[in-house]
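1. Everything below, folded, please.
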Amino acid sequence: MIRSMTGFASGSGALTPHSWAWEIRAVNGKGLDLRLRVPDWIDGLEIALRKQLSDALVRGNVTCNLRMTRDEGTGTLSVNAVQLDAVLDALHEIEARAMDAGVSLAPSKATDIVTMRGVLEQAPQVDDVPALSAALQEDFATILADFNSMRVNEGAALDQVLRSQLTEIEELTGRAKLVAAQRKDEMARILKRNLARVLDNSDGVDENRLAQELAIIAVKSDVTEEIDRLHAHINAARELLHHGGPVGRKLDFLMQEFNREANTLCSKAQDTDLTQIGLALKAIIDQMREQVQNVE
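-> Got it, this is the predicted structure:
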């Protein structure tokens, strides 16, 4: 099965205190161009992701983005003893002065004290970077599988389109062969008539040389080789589609050959019907080539 070079996949995951979101996109490309945007503080992650992508893909301009967020509210709460002592000393001094001044204060509550600045601290959680990197790589493998699944599905649709276009090219080539066979006798009669007319109206003309020139003209108007090569290209393209895999470059080369034969057919046609067939061939070949640009 062939695969398309275009594709998209996204997903998300989490490992406390981190959560993340993936996004992979790909468009057509002559080779494999990988562009990754991942956090640089996770050592070795980009290298590992590039290897996964390189092992799974052959062609395409691929962009991979990883967005990460950290839950800062997951750290351990602890009491800052130094700050607490300072707060208690301050409260004691305030209460003593209030008593001296004859001011009555309500008893202080623990809930009031812990809300004072610096008394309660949240200790930051230490990141386990190797574990995080392993979790990200494992999660990425799933996203990459989804991404390739989409490329396979698009490839299946491409396969149907290309096979349909090959059938149309085959039908047009068959019509060209029929028209060429029908015009063969007529072309021979025209050449003989022209030869007789030239000989009847020319003195001192080398008949052998003239016959050779007319024979060359006849050969140049013969499209048998072009039709045979078109059939060979059709078989080669179908064989590539049958085997599947990364055959985009080979199919693209075949499209150049298809186009070359169609151009030659038109230039040698010397017949309205054959010319129309040649132009129709060029049109469908051009459409097929556009589809081939999407094949990995």
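2. Only C-alpha atoms from now on, for both contacts and neighbour counts.
-> OK.
3. gap between the closest residue in space to Ile2 that isn't next to it in sequence and Val152?
-> Excluding the flanking residues, the one nearest Ile2 by C-alpha to C-alpha, 6 or more residues apart in numbering is Gly244, at 4.6 Å. Distance, Gly244 to Val152, using C-alpha to C-alpha, to the nearest Å: 11 Å.
4. Of those two, which one has the most company?
-> Set Gly244 next to Val152 and count neighbours by other C-alpha atoms under 10 Å: Val152 wins out with 19 against 16.
5. and the helix or strand where that one lies, what other elements does it pack with?
-> Assigned by DSSP states H and E, Val152 belongs to helix 129-200. Applying 3 or more C-alpha pairs under 8 Å, 6 or more residues apart in numbering; DSSP states H and E, we find helix 129-200 packed against strand 7-15, strand 18-27, helix 45-56, helix 207-220, helix 224-243, helix 272-292.
6. Nearest to Phe147, out of these?
-> Evaluated over those, closeness to Phe147 peaks at strand 7-15, with 4.9 Å, by C-alpha to C-alpha.
7. Distance from the chain centre to that closest one, please.
-> From the chain centre to the centre of strand 7-15 is a distance of 18 Å (C-alpha atoms, centre = their mean, to the nearest Å).
8. If you count contacts, what does it end up packed against?
-> Using 3+ C-alpha pairs under 8 Å, 6+ apart: strand 7-15 touches strand 18-27, helix 129-200.
9. Output those in JSON lines, with mean pLDDT appended to each entry.
-> Below are the helices and strands packed on strand 7-15 laid out as JSON lines (pLDDT from 0 to 100):
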{"stretch": "strand 18-27", "mean pLDDT": "96"}
{"stretch": "helix 129-200", "mean pLDDT": "88"}
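10. Can you pull the domain assignment for this structure?
-> Split into domains by automatic domain parsing, the chain comes to 7-71+128-152, 76-123, 156-292.
11. Which of those sits closest to Met1?
-> Taking the domains of the chain one by one with C-alpha to C-alpha, domain 156-292 is closest: 4.3 Å.
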